[in-house]
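Asks: Model the structure of this input:
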Amino acid sequence: MFFRHILTITCISYFISSSEVNPLNVKVTTDAVLVVGRSDVNLATCTASTSQSPAEVSWNLGTLSDSVKEVKNTVENQDEMYTVSSSLIGVPTVAMNQLNVQCVARHHSLKEELAIDHKMVVHYSPQLVYITPLLSGDGFQCEADANPKAMLFRWKRMNQTIHNNAIKTEGNRLYFLKPTSDLNGLYICEASNEYGIGTGSLYWQKGGFHSEL
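Replies: Residues are numbered from 1 along each chain as shown. All right, here's what the predicted structure looks like:
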């Protein structure tokens with residue numbers, strides 16, 4: 001499945017040498033879903049189009065400065081329009097998800113630079129799977145750091161089966177219906193999305209528990 005995210009800003013400027021309106025069109029695009037683990041891909045492209053002379057396009061990358069490279073290209077069309085693009089090339093990581101970068105366009109027709117914020121969206125399989133007690137005190141809840149969110153959860157008991165008359169599972173929740181000592185043991189939660197599976201564990205014994213990522 002592919003998505004295309006486009007943010008376009010049109011800045012209308014008037015040149016002293018002409019009575020015609022010469023708009024500066026700037027947009028940031030992503031051509032495909034960014035997935036952790038894939039080789040160098042186009043993370044985002046900023047494009048600025050205008051007439052008479054090319055715009056200057058750059059990025060404010062913050063913490064990404066050392067992990068991506070910029071590839072620039074300038075095209076002059078037959079209608080005397082200039083299109084300048086700057087693409088960010090790199091390997092998608094979990095840390096990039098929801099990270100803000102900024103495209104900056106400069107042109108002599110503008111009194112000040114034009115900045116466009118872009119939030120990166122990276123998809124990845126469940127990374128951290130953690131199990132926490134429910135407020136009601138009668139069970140536990142399994143959650144995972146994943147994008148998109150983990151929607152499928154499966155509970156297992158290490159080296160034993162889960163007996164429905166003593167334990168109940170509902171999606172990401174595990175309930176101890178009859179908390180007796182014969183239920184002592186290690187319980188595993190598997191959380192998954194379309195990119196993979198992550199696991200977390202809970203060692204439960206009557207009167208206490210210990211959870212591990």
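
Asks: was I right about residue 47 contacting residue 31?
Replies: No. Counting by CB atoms under 8 Å, residue 47 does not reach residue 31; the two are 11.9 Å apart. Where C-beta positions appear, they are placed from N, C-alpha and C, glycine not excepted.

Asks: Looking at the two, which is more packed in?
Replies: Using other CB atoms under 10 Å as the criterion, residue 47 and residue 31 rank with residue 47 on top: 22 against 15.

Asks: Next up, the contacts around residue 45.
Replies: 28-31, 85-88 (CB atoms under 8 Å, 6 or more residues apart in numbering).

Asks: Leaving out sequence neighbours, find the closest residue to it.
Replies: Distances taken as CB to CB, 6 or more residues apart in numbering put residue 87 closest to residue 45, at 4.4 Å, once the chain neighbours are dropped.

Asks: what are the bridge partners for residue 147, then?
Replies: Going by DSSP bridges, residue 147 is paired in beta bridges with residue 124.

Asks: Ok, residue 202 next?
Replies: residue 187, residue 211.

Asks: can you count the residues close to it?
Replies: Residue 202, neighbours per other CB under 10 Å, totals 21.

Asks: Quick check, it in contact with residue 187.
Replies: Yes. Assessed by CB under 8 Å, residue 202 is found in contact with residue 187 at 4.6 Å.

Asks: Next SSE downstream of the helix or strand harbouring the residue nearest to residue 45?
Replies: Using DSSP states H and E, residue 87 sits in strand 81-90. Sequence order places strand 100-106 as the next helix or strand after strand 81-90, per DSSP H and E.

Asks: packing partners for that next one?
Replies: Strand 100-106 sits against strand 21-30, strand 41-51, strand 56-60, strand 114-119, with contacts defined as 3 or more CB pairs under 8 Å, 6 or more residues apart in numbering; DSSP states H and E.
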